[in-house]
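A.B. asks: Quick one, what's the 3D model for this:
(chains A, B, C and D)
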2 protein chains.
Amino acid sequence: MTWPETMPDDNREQTVGLLAHTSGPATGAPREGRVYRQGDDYDRGMSYDPSAFPPFAVTVDLVVLTVRSHALCSLAVRRGEPPFQGRWALPGGFVREDEDLAQAAARELAEETGLRVHDPAAPAQDDGAHLEQLATYGDPGRDPRMRVVSVAHLALAPDLPAPRAGGDASNARWAPVGEMLERGGHGRDGEPVAPLAFDHHQILADGVERARSKIEYSSLATAFCPPEFTVGELRRVYEAVWGVALDPRNFHRKVTGTPGFLVPTGGTTTRQGGRPAQLFRAGGATLLNPPMLRPEV
Amino acid sequence: MTWPETMPDDNREQTVGLLAHTSGPATGAPREGRVYRQGDDYDRGMSYDPSAFPPFAVTVDLVVLTVRSHALCSLAVRRGEPPFQGRWALPGGFVREDEDLAQAAARELAEETGLRVHDPAAPAQDDGAHLEQLATYGDPGRDPRMRVVSVAHLALAPDLPAPRAGGDASNARWAPVGEMLERGGHGRDGEPVAPLAFDHHQILADGVERARSKIEYSSLATAFCPPEFTVGELRRVYEAVWGVALDPRNFHRKVTGTPGFLVPTGGTTTRQGGRPAQLFRAGGATLLNPPMLRPEV
DNA sequence: TTAATAGTGTCTGTGAGACAGTATCAA
DNA sequence: TTGATACTGTCTCACAGACACTATTAA
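C.D. replies: A predicted model of the protein is given here:
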């Protein structure tokens, strides 16, 4: 029995490096009369000229997921200005001149939640969140004001105190992703929920799907748990993220038998009621072999 | 036995949408004296002002993979200008004002190779390449001339005629990824190979790893094959991409028994020698259940 | 004939899923 | 006591891997 040594979408660390481009389009006919000359001059090694390429704004958007009261929830902030004034959106902001994309995402995450990001080198024994790049969204019409390319990131965090945004609790909330992603969905009070601003519905859907598939073959589900947790608590994370019920006995046998996944701390707890349960923390393994299997249909 | 309905990194289609950001940083102290005010004004709904955000150039870079003579190869182009003049690099170019990221990547791919991209809606029965977003690289120092964010894409193509770049064959080649990714590697003539320009070594490594893992749980390996192919030819694709030897008998039983993976065309061929082999084309299935397993170690 | 590739059958070990049964707490 | 959760054991079926064997071509 084998399983890959690497994941389809590792949370890669950027290395210092430089621009990529060809030595010029194969279709080399000059394109005149354009506002921007599409980098032809840039390609030909002329000195830097800001008018030689179209300017973009670059932002990071965050899909911050957690498990609260048996439901997968995403952080949402209310927009205070047009466009989409008053609608819910994903947190995010501009990438600064001097920071990497991952740094920008970590900074926004800290500003919104106070969470620090796990050191990817150290084992996941400190408190903090998991952060990885998700995908980039650059449709020309995604912002009516200007051309904006957004590098979306996915963050997974344990259950947190109520969020704050600019100090105003009514402008930030943890919302169950089931409600947010339903077309014409309704909140728990039965009121209709307006769709998310911009293309954030798609970004959230992509982030949720990434989390759902990644906990299959990695130990990432532990990022939703406190530093010490029981097998039952970990099972409830899988059940909330996948929206299914799992057999507690087979789950227990599976996770405790997967090498490197869980390390017993020696302690026990009865915080879930019933017989005292062993406490574990996340082991060093990041890839599960064999993987957890998500039940079909 | 179950397997997920979705992949960890679906090739998502961008929907039309808009910008994401918060209603302002929680740490709301004014930041004066900066060249760019980091979007605070933008966040507060003031009218559009180009000086309110740092300008970026946005490019697409391409990891174009194919299988040639039992080796996984990547398209490389030689740089004609500084920086990294004379070094090999990945093909790519600027995103234009009016095009989506996927459109820009498809345009660059057509310019470099003449390949068209598969219609994701139609079954993979037409000729063409597979194209998906890979990851985005935005380290502030990755280009010495200016701040450039590159949205890397991964393309998989059948074996092609020799490439051209700007009509000059000596400035483009298919290079085995084993050679390109070796540190201080050597070409087949024993000459040392200079590392790729910019951060393209990392981008290529990420693209290769994505391809290696994705052919496990999807039918993507058929993107390396001509429209009609034999089981043996498909097996040689897996062997080249993974760099392993597979048991021909178990492989045959596995791929022909996976529903939706292969559809027999009725024809046969002896182009590989030996007993005539059935010809197949790719079936409609994009996800394999159960997956192909990459041999351990 | 040999050599090559194509394709089938058969055995064995691993592991997922189903589920019986026991253990240890609170109320 | 009931009821909750924790945990162990056992059975069965599916399937990956190993490999013997047959089939059909070219040289």
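A.B. asks: what's the next secondary structure element after the helix or strand bottoming out on mean pLDDT in chain A?
C.D. replies: Here the helix or strand of chain A ranked lowest by mean pLDDT, DSSP states H and E is helix A:40-43, holding a mean of 40. The first helix or strand that comes after helix A:40-43 along the chain, using DSSP states H and E, is strand A:57-68.
A.B. asks: and that next one, C-alpha only, in PDB?
C.D. replies: What follows is strand A:57-68, C-alpha atoms only, in PDB (Å, rounded to 0.1, in the frame of the first residue of the first chain):
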ATOM      1  CA  ALA A  57      -4.000  46.600  -8.000                       C
ATOM      2  CA  VAL A  58      -3.200  43.400  -6.200                       C
ATOM      3  CA  THR A  59      -5.100  42.300  -3.100                       C
ATOM      4  CA  VAL A  60      -5.300  39.300  -0.800                       C
ATOM      5  CA  ASP A  61      -8.700  37.900   0.200                       C
ATOM      6  CA  LEU A  62      -9.100  35.400   3.000                       C
ATOM      7  CA  VAL A  63     -11.300  32.400   3.400                       C
ATOM      8  CA  VAL A  64     -11.000  31.900   7.200                       C
ATOM      9  CA  LEU A  65     -12.700  28.700   8.300                       C
ATOM     10  CA  THR A  66     -13.400  27.300  11.700                       C
ATOM     11  CA  VAL A  67     -15.800  24.800  13.300                       C
ATOM     12  CA  ARG A  68     -18.400  26.300  15.700                       C
END
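A.B. asks: That strand and chain B in contact?
C.D. replies: Yes. Strand A:57-68 lies within reach of chain B by CB under 8 Å from any CB of the partner chain, at A:57-59, A:61. From N, CA and C alone the C-beta is placed, and that goes for glycine too.
A.B. asks: same thing with stretch A:142-160?
C.D. replies: Yes. Interface with chain B: stretch A:142-160 contributes A:142-152 (CB under 8 Å from any CB).
A.B. asks: Which members of those residues are positioned in strands?
C.D. replies: Among those, DSSP state E puts A:148-152 in strands.
A.B. asks: tell me the pLDDT at the residue nearest in space to the middle of chain A?
C.D. replies: By CA atoms, centre = their mean, chain A has its centre lying nearest to A:Leu154, at 1.0 Å. Looking at A:Leu154, its pLDDT stands at 98.
A.B. asks: cool, the one 5 residues further on as well?
C.D. replies: We note a pLDDT of 91 for A:Asp159 in this prediction.
A.B. asks: what secondary structure does it sit in?
C.D. replies: coil (DSSP: H, G, I helix; E, B strand; the rest coil).
A.B. asks: contacting residues for it?
C.D. replies: Contact analysis of A:Asp159 by CB atoms under 8 Å, 6 or more residues apart in numbering or on different chains lists A:66-68, A:224, A:226.
A.B. asks: and those residues, which are buried?
C.D. replies: For those, a burial check counting by 16 or more other CB atoms under 10 Å in any protein chain shown picks out A:66-67, A:224.
A.B. asks: which one of the residues of stretch A:142-160 next to chain B is nearest DNA strand C?
C.D. replies: Proximity of the residues of stretch A:142-160 next to chain B to DNA strand C (CB to the nearest atom of the strand) peaks at A:Ala152, which lies at 30.8 Å.
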